[in-house]
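Novice: any chance you can model this:
(chains A and B)
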Number of protein chains: 2
Amino acid sequence: MIKPRLFTPGPIEVPPEVLVEMAKPIFHHRTERFKELFKQTNDGLKKLLLTENDVLTLAGSGTSAMEAAIVCSARRDRTVLVANGGKFAERWVKVCKAYGLAVDDVPVKWGTAISPELVKEKLATGKYGSVVVTQSETSTATAADLKGIAAEVAKTDALLIVDAITAAGALPLKMDEWGVDLVGIGSQKALMLPPGLAFVAVSKKAWAVIENVKSGLLYLDLKAYRKSLADSDVPYTPAITLIRGLKVSLDMIHAVGIEKVWARTAALAEGFRQAMRALGLEVFSKQPSDSVTGIMYPAGVTDKDFRKALRTRYGCNVAGGQGELDGKMFRVSHMGWVDAVETIGLVAAIEYTLKSLGQKVELGKGVAAAAKAMERWE
Amino acid sequence: MIKPRLFTPGPIEVPPEVLVEMAKPIFHHRTERFKELFKQTNDGLKKLLLTENDVLTLAGSGTSAMEAAIVCSARRDRTVLVANGGKFAERWVKVCKAYGLAVDDVPVKWGTAISPELVKEKLATGKYGSVVVTQSETSTATAADLKGIAAEVAKTDALLIVDAITAAGALPLKMDEWGVDLVGIGSQKALMLPPGLAFVAVSKKAWAVIENVKSGLLYLDLKAYRKSLADSDVPYTPAITLIRGLKVSLDMIHAVGIEKVWARTAALAEGFRQAMRALGLEVFSKQPSDSVTGIMYPAGVTDKDFRKALRTRYGCNVAGGQGELDGKMFRVSHMGWVDAVETIGLVAAIEYTLKSLGQKVELGKGVAAAAKAMERWE
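Specialist: As a prediction, this is how the structure comes out:
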């Protein structure tokens, strides 16, 4: 009788409408029915990213999207710059190394993001063919100034590759207006789906490069997806069920309006941060992402005890820290199918849990702060 | 993107495990498979009511259970006493009248319940064959002292018929220990199922009477159900899907333990009442039920505006008032698949809604009171 809730930064809760859609009988993908569905999801994805560019759909995780984006677009006579401020950015360095691509692993202090100024300075060397930026670094719960960075990259012939896995659909991201070249997304974040779908959006500037790169890839070769897309199709068997779910979740998002969804996410994040501060807890990031919040444990509270109590007593699943933050931080998602009602409830569960673990907690202080701050959520 | 939640006092939320069970392919009921399932749900129902008595399962609503209980057990030379303190008790008077049964409609001030003393006094006349008491009167959110009443009725040859529709599985009810004769229940309350199943538990004392009553009923004739029950069967086509769901919900309840479920419900109710009082609102009942709370609207707030805003902005569905309380009260359930996390969230939604309707609300005051009071919920 414990009501399970995912406040983890992916997977997040899947709306019942999506679950029901995915429970319907399977149909075949080499059909007009699939093409019609796929046309609709492709339109919905473009609307999500505010782009007229192609958005390609892969059966894979967010990592597959980023691997495809990085490897397919890396001119072999140039270097890839990876702004590395967390566990996910680290993975994009590994992708480059796995394929023998020249890569500059630019360290960024955890809890901060690379600045547009530093990107500008690096690009001035003319060395880089692409710049990889994680818009919302999930491991540190930190957001980059993507608009500012994009403005710098757009002035050069380099491509901007954005890991928008915990950003697209949660944080402002205007692909065309800002001039972003490649965007990688996974389905289990703000798109409110189970994991299993990955998306890569590709600008015209990026296609011009990709056309001349011999990536050596087959399954993740973006050119094959582009070719099929012209006929509203995919080169390899699509995850039909997830694409059906995607249609429903995109319709839900667009019925609200993407800018309002961003505002909602921001309101939840701001309210949650204020609640945690009211409880005397520290928000780790200096540039907190609104899609996920990372909170440092107070002295005397272990990650294992805290998350276990929160999960087993209150059904609230939050994530732990990663890498150097393992055991020191817990992380809470504000993406997608979550609202003020349950986020305020989560704050109460956190108060109880901390108190049960021996912390001095004035019960009600966090929830009151959250209730005050989240008034404008809707 | 508004997350719908039922805080209505029936139907309440149905757990996903139950929904999934009910979504499985239908099977036939004249089979060993059905008998095996039915045996298990019958055992689970006995455990729910702490009884060794028969618990009969009907395809019907709670009203059908009460009609069966009242009509089948009414000795035609005696009078039925109905303690009438709300819209549901009123219905039991109507049942008696529809069947031409002699009935004493004993008025009880709304927001209070009949006292054991008054029951004792009435029974002393020797006039009554049965006493109908609504354990939790949903319309006034008021609980009766069932244990005290049962002690008085048990001393006589009269039967105690309890409307436990919003009580069984939520409020303490020990059928055998307290000596209750007939208990009527519906599925859409603390049993966490959709509506469609009704249950009647019958004591040995009651059977002895029922055997000698010509009820004139067919579908609701309890004797037919008793006969079939001996073979783990039912006389008319059962609601198979709901019975499958019942197996799962009963298993969930008994995995926690019925006494702990009662304690949980009480903790939510107490916390919610304290939250409402902290916001300056009035709990209507003088003997509040822990399964449902009725709160009076402050001056200037209309039922229509309040419930619409709560539902459309926060997805929180609460019930309005009934009868003379229509438009004056809203009601919130604490039964079944609901917890502190979302009840505290509901309090925040109520704060926002009242404020948006022009009430002076200190945001956070209600949730803080709820968080303090619900600490012991688990």
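Novice: what does stretch A:144-153 rub up against?
Specialist: A:83, A:113-116, A:119-120, A:123, A:131, A:133-137, A:159-160, A:162, A:167, A:171-174, A:178-181, A:287 (C-beta atoms under 8 Å, 6 or more residues apart in numbering or on different chains). Every C-beta, even on glycine, is put in place using the N, C-alpha and C of the backbone.
Novice: so the most centrally placed residue in chain A, which of the three states?
Specialist: In chain A, the centroid-proximal residue (C-alpha atoms, centre = their mean) is A:Thr166; its distance is 1.2 Å. State at A:Thr166, reduced to three classes by DSSP: H, G, I helix; E, B strand; the rest coil: coil.
Novice: nearest residue to the closest residue to chain B within the stretch 151-300 of chain A other than its sequence neighbours?
Specialist: Relative to chain B, the nearest point of the stretch 151-300 of chain A is A:Val256 (4.8 Å; C-beta to the nearest C-beta). In space, and not counting its chain neighbours, A:Val256 is closest to B:Met1: 4.8 Å by C-beta to C-beta, 6 or more residues apart in numbering or on different chains.
Novice: A:Lys260 versus that neighbour, what's the distance?
Specialist: 9 Å (C-beta to C-beta, to the nearest Å).
Novice: equivalent analysis for A:Val18, please.
Specialist: The value you get for A:Val18 to A:Lys260, if C-beta to C-beta is used, is 19 Å.
Novice: between these two, who's got more neighbours?
Specialist: More crowded of A:Val18 and A:Lys260, by other C-beta atoms under 10 Å in any protein chain shown: A:Val18, with 24 against 13.
Novice: where does that one fall, secondary structure wise?
Specialist: If you go by DSSP states H and E, A:Val18 is part of helix A:16-22.
Novice: re earlier: hmm, the residue nearest to the centre of chain A is touching A:Gly294, no?
Specialist: No: look at A:Thr166 against A:Gly294 with C-beta atoms under 8 Å: they stay out of range, at 11.8 Å.
Novice: for A:Gly111, give me its contacts.
Specialist: Residues near A:Gly111 by C-beta under 8 Å, 6+ apart: A:Gly85, A:Thr140, A:Thr142, A:Phe284, A:Ser285, A:Lys286, A:Gln287.
Novice: and it, helix, strand or coil?
Specialist: coil.
Novice: not counting sequence-adjacent ones, nearest residue to it?
Specialist: A:Ser285 (4.7 Å).
Novice: roughly how far does that neighbour sit from A:Thr353?
Specialist: 22 Å.
Novice: what about the strands in the stretch 1-150 of chain A?
Specialist: Counting by DSSP state E, counting those that start in this stretch, one finds strands in the stretch 1-150 of chain A at the ranges A:5-6, A:54-59, A:79-84, A:103-107, A:128-134, A:136-137, A:142-143.
Novice: check which helices and strands the first one is in contact with.
Specialist: Read that as strand A:5-6. Applying 3 or more C-beta pairs under 8 Å, 6 or more residues apart in numbering or on different chains; DSSP states H and E, we find strand A:5-6 packed against strand A:316-317.
Novice: just the mean pLDDT for the strand it packs on, thanks.
Specialist: Taken as a whole, strand A:316-317 has a mean pLDDT of 98.
Novice: that strand pairs with which strands?
Specialist: strand A:5-6 (parallel) (DSSP bridges).
Novice: show the average pLDDT along the strand it pairs with.
Specialist: Mean pLDDT, strand A:5-6: 97.
Novice: gap between that strand and the chain center?
Specialist: Distance of strand A:5-6 from the chain centroid (C-alpha atoms, centre = their mean, to the nearest Å) equals 17 Å.
Novice: how many other residues sit next to the residue nearest to A:Val256?
Specialist: Here the number of neighbours of B:Met1 (other C-beta under 10 Å) works out to 18.
Novice: quick check, pLDDT for A:Gly85.
Specialist: At A:Gly85, pLDDT is 97.
Novice: OK, contacts around it?
Specialist: A:Pro107, A:Val108, A:Lys109, A:Trp110, A:Gly111, A:Thr112, A:Ala113, A:Ile114, A:Thr134, A:Glu137, A:Thr140, A:Thr142.
Novice: with A:Phe199 instead?
Specialist: A:Leu45, A:Val55, A:Leu56, A:Thr57, A:Leu58, A:Ala65, A:Ala168, A:Val183, A:Gly184, A:Ile185, A:Gly186, A:Ser187.
Novice: can you check A:Ile114 too?
Specialist: By C-beta under 8 Å, 6+ apart, A:Ile114 lies in contact with A:Ala83, A:Gly85, A:Val106, A:Val108, A:Val133, A:Ala144, A:Ile149.
Novice: show me the helices in the stretch 151-300 of chain A, by range?
Specialist: Remark: helices assigned in the stretch 151-300 of chain A by DSSP state H, counting those that start in this stretch are A:175-178, A:204-210, A:222-229, A:240-256, A:258-278.
Novice: farthest pair in the contacts of A:Gly111?
Specialist: Spatial extent of the contacts of A:Gly111 (C-beta to C-beta) is set by the pair A:Gly85 and A:Phe284 at 12.1 Å.
Novice: shared neighbours of the two, anything?
Specialist: A:Gly111, A:Thr140.
Novice: contacts only, for the residue in the stretch 1-150 of chain A positioned nearest to chain B.
Specialist: Using C-beta to the nearest C-beta, the single residue of the stretch 1-150 of chain A nearest to chain B is A:Met1, 4.8 Å away. A:Met1 makes contact with B:Pro15, B:Met252, B:Ile253, B:Ala255, B:Val256, B:Val261, B:Arg264, B:Trp337 under the criterion C-beta under 8 Å, 6+ apart.
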